[in-house]
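Asks: Here is my input, please return the structure:
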Amino acid sequence: MSLRRGFLPALGAICALATACNVLGAGHAAAERISVDDCKQYATEREKLSKSDLPKDMEKGPQWAKANLSPDRIRLIGRYIYLEEQLEFRCPDLLAAAAVRQMEEQARLRALAKVERERKWLEKLKKVVPPVRKPKTKLARAKPSLKPGIPPLPERKSR
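Replies: Here you go, the predicted structure:
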């Protein structure tokens with residue numbers, strides 16, 4: 001097999017680039033988890049910032065923010081983004097617990113909905129009127145005759 005001329009230099013450049021990325025970016029990729037107390041502090045601070053309508057301002061985009069928001073408000077948005085990243089990447093236990101709580105809440109709501117559906121079904125069943133029976137005909141009301149000499153009517157077998 002013959003190697004193309006530009007393949008080996010390109011391979012060397014890719015390896016050098018990968019090494020540089022590994023050296024420069026290793027600090028961010030290998031970030032350690034932070035303590036549970038710090039995670040809780042970050043979560044409370046993020047909740048406080050989210051109550052001040054920062055997520056709504058973020059949805060409008062960076063161009064709108066530059067044109068319409070004060071520098072202090074933009075710094076708060078930066079802090080909010082920082083807190084979200086810290087909670088997502090350095091506090092996975094806190095987010096996992098929140099996800100578990102959310103799943104439990106969804107399961108509870110599904111169970112309540114099922115109970116409510118069953119209750120409504122039972123109410124509907126109570127309202128159902130049984131069908132009206134056909135009136136007995138003259139032949140059905142006739143009793144077998146016990147007079148001598150007349151044979152009795154045959155009785156029907158119930159199914």
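Asks: who's in contact with Cys91?
Replies: Arg33, Ile34, Asp38, Cys39, Tyr42, Ala43 (Cβ atoms under 8 Å, 6 or more residues apart in numbering). Any C-beta I mention is one placed from the backbone N, CA and C, and that applies to glycine too.
Asks: In this structure the first one contacts Glu88, no?
Replies: No: counting by Cβ atoms under 8 Å, Arg33 stays clear of Glu88, with 11.9 Å between them.
Asks: after the regular element (helix or strand) spanning Ala113, next one along is what?
Replies: For Ala113, the host element (DSSP states H and E) is helix 92-127. Next in sequence after helix 92-127, counting helices and strands by DSSP H and E, comes helix 138-141.
Asks: Stretch 125-136: end-to-end distance?
Replies: Using Cα to Cα, to the nearest Å, the end-to-end distance of stretch 125-136 comes out at 28 Å.
Asks: Now do the contacts for Lys66.
Replies: Lys66 neighbours (Cβ under 8 Å, 6+ apart): Ile74.
Asks: Give me the distance between it and Glu45.
Replies: Lys66 sits 24 Å away from Glu45, going by Cβ to Cβ, to the nearest Å.
Asks: ditto for Arg119
Replies: 43 Å.
Asks: Just want to know which of those two has more residues nearby.
Replies: Set side by side, Arg119 and Glu45 show more neighbours around Glu45, with 16 against 10, by other Cβ atoms under 10 Å.
Asks: Can you report how many residues neighbour the residue nearest to that one when sequence neighbours are not counted?
Replies: Of all residues not flanking Glu45 in the chain, Leu83 sits nearest, at 5.9 Å (Cβ to Cβ, 6 or more residues apart in numbering). Residues lying near Leu83 (other Cβ under 10 Å) number 21.
Asks: How about Gly78?
Replies: For Gly78, using other Cβ under 10 Å, the count is 10.
Asks: Over to the one 10 residues further on?
Replies: Neighbouring residues of Glu88 were enumerated by other Cβ under 10 Å; the total is 11.
Asks: again with Arg79
Replies: For Arg79, using other Cβ under 10 Å, the count is 14.
Asks: Leu54 now?
Replies: 19.
Asks: So for stretch 43-54, mean pLDDT?
Replies: The average pLDDT for stretch 43-54 rounds to 86.
Asks: Tell me the buried residues in it?
Replies: Ala43, Glu45, Arg46, Leu49, Leu54 (16 or more other Cβ atoms under 10 Å).
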